[in-house]
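1. Could you work out the structure for the sequence below:
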Amino acid sequence: MILFVCEGNVCRSVLAAALFRAADPLPASGVEVRDAGITALVGAPADPLTVDIGHRLGVDMSDHRARQVSDEEIAEASLILTATRAIRSQIVQMHAPAVRYSYSIRQVGRILNNSAHTFDPDAWGHTDALAAFVQFVNQERGPVGRGPAADDDIVDPYGQSLRVHELAAQQIVASIGLLSDALQGSTIAWVPAS
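-> Next up is the predicted model:
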């Protein structure tokens, strides 16, 4: 399972998971994709501005209802992608072994973008491409290094202007696009507002 986590589960994790599902990476693997919040607005629909941006990008989030992340999901996940480093830290506090398979969404994008190597699942000797990917990211995290926190965090658009929602969506699209490409999914591209 791949788990996307933000704070309220009404903006960032919802859009990231929807775009990732639509790209259909790892098509033969049957990997489940979930999204949740660390302080979820349980039962709330996706933010209307996020829904509008999602429609423009080709995904429908109108049926979404926010969920609180559970300890069981964190333990069960193969890969956890968070909106910020701080949320990743909270995930690791909830389940210490998650330190080996959790990253911020933009951190993974930065690693993929700056790595001297290209991810090739066959090169890792795994039948599980997702496990191979996590191993690859862990190996490349050291050489690529840590960037400033602002480079690894997606801005929080909740309650903010359309401009901030657009910025958050652009940050998500860039990283999810790199992730989808690495996992042989469809191309994800930013669609500007008309």
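
2. Longest helix in this protein, please.
-> helix 162-182 (DSSP state H).

3. ok, so what distance separates residue 182 from residue 136?
-> As judged by Cβ to Cβ, to the nearest Å, residue 182 and residue 136 stand 8 Å apart. Placement of C-beta: from N, CA and C, glycine included.

4. which neighbours do those two share?
-> Shared contacts of residue 182 and residue 136, defined by Cβ atoms under 8 Å, 6 or more residues apart in numbering, comprise residue 119.

5. buried ones in the helix or strand bottoming out on mean pLDDT in the chain?
-> Lowest on mean pLDDT, DSSP states H and E among the helices and strands of the chain sits helix 149-152, with a mean of 81. Within helix 149-152, the residues scored as buried using 16 or more other Cβ atoms under 10 Å are residue 152.

6. could we number from 49 for the rest of this?
-> In the new numbering, first residue 49, that becomes helix 197-200.

7. Would you state the helices of the chain in chain order?
-> 60-71, 96-104, 119-124, 133-142, 153-162, 177-192, 197-200, 210-230.

8. neighbours around residue 241, how many?
-> 9 (other Cβ atoms under 10 Å).

9. Distance check, it against residue 110.
-> From residue 241 to residue 110 the distance is 19 Å (Cβ to Cβ).

10. State the pLDDT value of residue 205.
-> With respect to pLDDT, residue 205 scores 98.

11. Now do it against residue 228, distance only.
-> From residue 205 to residue 228 the distance is 22 Å (Cβ to Cβ).

12. Can you pick out the residue with more neighbours from the two?
-> residue 205 (25 against 20).

13. Output the contacting helices and strands for the longest helix of the chain.
-> Packing partners of helix 210-230 (3 or more Cβ pairs under 8 Å, 6 or more residues apart in numbering; DSSP states H and E): helix 60-71, helix 96-104, helix 153-162.

14. How far off centre is it?
-> Averaging C-alpha positions (Cα atoms, centre = their mean, to the nearest Å) puts helix 210-230 9 Å from its chain's average.

15. again with stretch 222-235
-> 11 Å.

16. which parts of it are buried?
-> Result for stretch 222-235 [16+ other Cβ under 10 Å]: buried residues 222, 223, 224, 225, 226, 227, 228, 229, 230, 231, 233.

17. Can you give the contact residues for it?
-> 64, 67-68, 70-75, 129, 153-154, 156-158, 160-161, 166-167, 177-178, 181, 236-238.

18. Would you show me how to pick out the buried ones of these in ChimeraX?
-> Entered in ChimeraX, the line below selects the buried ones among the contacts of stretch 222-235, by 16+ other Cβ under 10 Å:
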select :64,67,68,70,71,73,74,129,153,154,156,157,158,160,167,177,178,181,236
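
19. Fine by me, thanks again.
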